[in-house]
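Undergrad: Here is my input, please return the structure:
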Amino acid sequence: MFSTKGRYALRIMIDLAQHEGAGNIPLQKIADRQEISKKYLEIIMKDLVKAGLVSGASGRGGGYRLSRKVDEYTVGEILELMEGTLAPVACLEDDASTCSRTEDCITLPLWKEYYDMTREFFYGKKLSDLIESRDPIYYI
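TA: Numbers count the residues shown, from 1 in each chain. So this is what the prediction gives:
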């Protein structure tokens, strides 16, 4: 299950993408449009800026904008930034140490298949796909 932090980060990125070309977008405008507390958005935005997904400017005319083109972002990178790994079990995480049961683990292929499908799904969806889609599955 994904937390509000992950879901809201995706909503922020969609909002910025929908207003691309409008210059820097003040956080309060995003908060108002998305009906999310500005204080909570500040926390999320800090992570997005630190990761380089979004750039920010302070002062008059300040606000936030996407750092890259809309079609260069994947849903997977946004979710993993906010949620951490999508791996369903610790032994499949990128920095996992070798498990002593790997050779005998009957369930590992199941978890690996699930993980591969999940990564393929989320990394196969671009931010631009969500904006262009009218399919209700993409409404968060």
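
Undergrad: what about stretch 21-35, how long is it end to end?
TA: Start and end residues of stretch 21-35 are separated by 22 Å (C-alpha to C-alpha, to the nearest Å).

Undergrad: got it, and stretch 122-132?
TA: Using C-alpha to C-alpha, the end-to-end distance of stretch 122-132 comes out at 16 Å.

Undergrad: What residues does the closest residue in space to residue 24 that isn't next to it in sequence make contact with?
TA: Using C-beta to C-beta, 6 or more residues apart in numbering and skipping the chain neighbours, the partner closest in space to residue 24 is residue 63 (3.3 Å). From N, CA and C alone the C-beta is placed, and that goes for glycine too. Neighbouring residues of residue 63 by C-beta atoms under 8 Å, 6 or more residues apart in numbering: 23-27, 29, 56-57.

Undergrad: Residue 34 is in contact with residue 13, isn't it?
TA: No: in this structure, residue 34 is not within contact of residue 13 by C-beta atoms under 8 Å, at 10.9 Å.
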